[in-house]
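1. okay, here's the prediction I keep looking at, along with the sequence it came from:
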Protein chains: 2
Amino acid sequence: MHGVAEPIQRLIDALERLPGIGPKSASRLAFYILRMPNDQVQDLAEAIATLKEQIVYCNRCQNLSQTTPCAICSDPSRDQHLVCVVEDPLDVVAIERTGVYKGLYHVLHGAINPVEGIGPENLRVDALLERLEKEPIQEVLIATNPNMEGEATAMYLARLIHPKGIRVTRLARGLPVGGDLEYADEVTLSRALEGRRDI
Amino acid sequence: MHGVAEPIQRLIDALERLPGIGPKSASRLAFYILRMPNDQVQDLAEAIATLKEQIVYCNRCQNLSQTTPCAICSDPSRDQHLVCVVEDPLDVVAIERTGVYKGLYHVLHGAINPVEGIGPENLRVDALLERLEKEPIQEVLIATNPNMEGEATAMYLARLIHPKGIRVTRLARGLPVGGDLEYADEVTLSRALEGRRDI
């Protein structure tokens, strides 16, 4: 871009690599950051710079966390007999926001997607099966996204878990089909949790 | 937000303070940054952290720049008789992008806005008048935004400059009225530059 100083251009380029940020909003953000108070700018830079080194995978639920086991896995008040399987860490956030769910989680970090070459071996499925052997889990609530990949993943997991005599449930319909779990509003997601059904 | 590690939440909070980024896109960005290659993350953090210290105001055109005078003001091939007055640095970028304009710039850093208490004394108007005394400027092209504040600023400047016997022009209509100059496409902005008229 002509007429813009190199350090500003450098930031614009870096911002443009982020999802959902085009050239014009990258420019707006860069010039906004230039006008922000110094301490806020340094906060933002440091939050980005130190993020990855502070985050690990919880060795139990596989969620991203500052500690392993994570805060939820370490909380004795959570129902140790119920585990909710989700695709992504943001799905844990969405479900926690409802305040309805009191069990544990297991984060797969994706869903089965043959088109993109993602099979069960690329997900944290083995870690889940291991937990089912070791922990007193009585019900696995599969909360993968209500789209093709999420459904395929749910069916795959249900087939693996049923023979173990463990109850397998799925979030109730009520979620908009084809959508993304993390965009569901709290009420819809609460209903879906309450109305979960056996599969 | 429940269920999210503190360093992630800290970044989400910092991102949410930026314009046009809501809670959900802040979350998406944070988790995206978590998955980005280390060097890209450090690039982004450093671009933000070092931005402000590397940028100064050009003492001639008042644009944000790495040097003073800036690259445009230092370029002897630019027409030294023509100065284009804009509200913001992003407007310089938009005009440079057309490739049509070969004169100099003057950045006001805002427009007259009585509602927000912004008068000429809050803008870089004195610096402009000083340039008109010292430099061989024959034409001032006022390219403030085609909205109420931009028009008021243009009228105000025209009244100050006319008595000096310097030609004062305005970008041709062709810009969508009520809009923002920096969002104009190159063709519209090129037409507006070519068809500029006396006021």
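-> Nice, I can see it. Residues are numbered from 1 along each chain as shown, chains lettered A, B, ... in the order given.

2. quick check on the closest residue to A:I142 other than its chain neighbours: phi, psi?
-> Distances taken as CB to CB, 6 or more residues apart in numbering or on different chains place A:A154 nearest to A:I142, at 4.4 Å, with adjacent residues excluded. No exception for glycine: its C-beta is placed from N, CA and C like everyone else's. Dihedral pair for A:A154: phi -60, psi -50, per degrees, to the nearest 10.

3. what about A:A154, how many residues nearby?
-> The number of residues packed near A:A154 is 23, by other CB atoms under 10 Å in any protein chain shown.

4. ok, it - contacts?
-> Taking CB atoms under 8 Å, 6 or more residues apart in numbering or on different chains, we find A:A154 in contact with A:142, A:144, A:170, A:199.

5. now render the residues you listed as TSV, adding secondary structure.
-> Putting those into TSV (DSSP: H, G, I helix; E, B strand; the rest coil) gives the following:
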residue	secondary structure
A:I142	strand
A:T144	coil
A:R170	strand
A:I199	coil
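
6. for the longest helix that chain A contains, name the packing helices and strands.
-> The single longest helix within chain A, with elements called by DSSP state H, is helix A:38-54. Where contact means 3 or more CB pairs under 8 Å, 6 or more residues apart in numbering or on different chains; DSSP states H and E, helix A:38-54 is packed against helix B:6-16, helix B:23-35, helix B:38-54.

7. just say which of those helices is most tucked in.
-> When you average the neighbours per residue for each of the helices and strands packed on helix A:38-54 (mean count of other CB atoms under 10 Å in any protein chain shown), helix B:6-16 leads with a mean of 20.

8. residues contacting it, please?
-> A:40, A:43-44, A:47-48, A:50-51, A:54-55, A:64, A:66, B:1, B:4, B:21-23, B:25-27, B:29-31, B:33-34.

9. again, only using 6 Å
-> Applying CB atoms under 6 Å, 6 or more residues apart in numbering or on different chains, the contact partners of helix B:6-16 are A:43-44, A:47, A:51, A:54, A:66, B:1, B:21, B:23, B:26-27, B:29-30.

10. show me the two of the residues you listed that sit farthest apart.
-> Using CB to CB, the contacts of helix B:6-16 span at most 23.4 Å, a distance reached by A:Q66 and B:I21.

11. stretch A:16-24: how far from the chain's middle?
-> Offset of stretch A:16-24 from its chain centre (CA atoms, centre = their mean, to the nearest Å): 22 Å.

12. could you give the average pLDDT over that stretch?
-> Mean pLDDT, stretch A:16-24: 91.

13. ok, now stretch A:129-144?
-> Regarding stretch A:129-144, the rounded mean pLDDT is 95.

14. quick one, domains of chain A?
-> A:6-54, A:78-170 (automatic domain parsing).

15. got the contact list for the longest helix of chain A?
-> A:66, B:7, B:10-11, B:14, B:44-45, B:48-49.

16. cool, and stretch A:66-85?
-> A:54, A:56, A:58-61, A:63, A:102-106, A:136-143, B:5-6.

17. so which of those sit within helices?
-> The helices, defined by DSSP H, take in A:54, B:6 from these.

18. point out where chain A drops to low pLDDT.
-> Scanning chain A for pLDDT under 70 picks out the ranges A:1-2, A:173-177, A:179, A:191, A:195, A:197-198.

19. tell me which parts of it are close to chain B?
-> By the rule CB under 6 Å from any CB of the partner chain, the part of chain A lying against chain B is A:1-7, A:10-11, A:14, A:18-19, A:27, A:29, A:31-32, A:43-45, A:47-49, A:51, A:54-55, A:65-66, A:90, A:92-93, A:96.

20. what helices or strands is the strand or helix carrying A:S190 leaning on?
-> Counting by DSSP states H and E, the element that carries A:S190 is helix A:186-194. Helix A:186-194 is packed against helix A:89-98, with contacts defined by 3 or more CB pairs under 6 Å, 6 or more residues apart in numbering or on different chains; DSSP states H and E.

21. and the helix it packs on with helix A:186-194, angle?
-> 90 degrees (axes from the mean of the first three to the mean of the last three CA atoms, to 10 degrees).

22. tell me what angle helix A:89-98 forms with helix B:6-16.
-> 90 degrees.

23. tell me what helix A:89-98 is packed against?
-> If you count contacts as 3+ CB pairs under 6 Å, 6+ apart, helix A:89-98 packs onto helix A:186-194.
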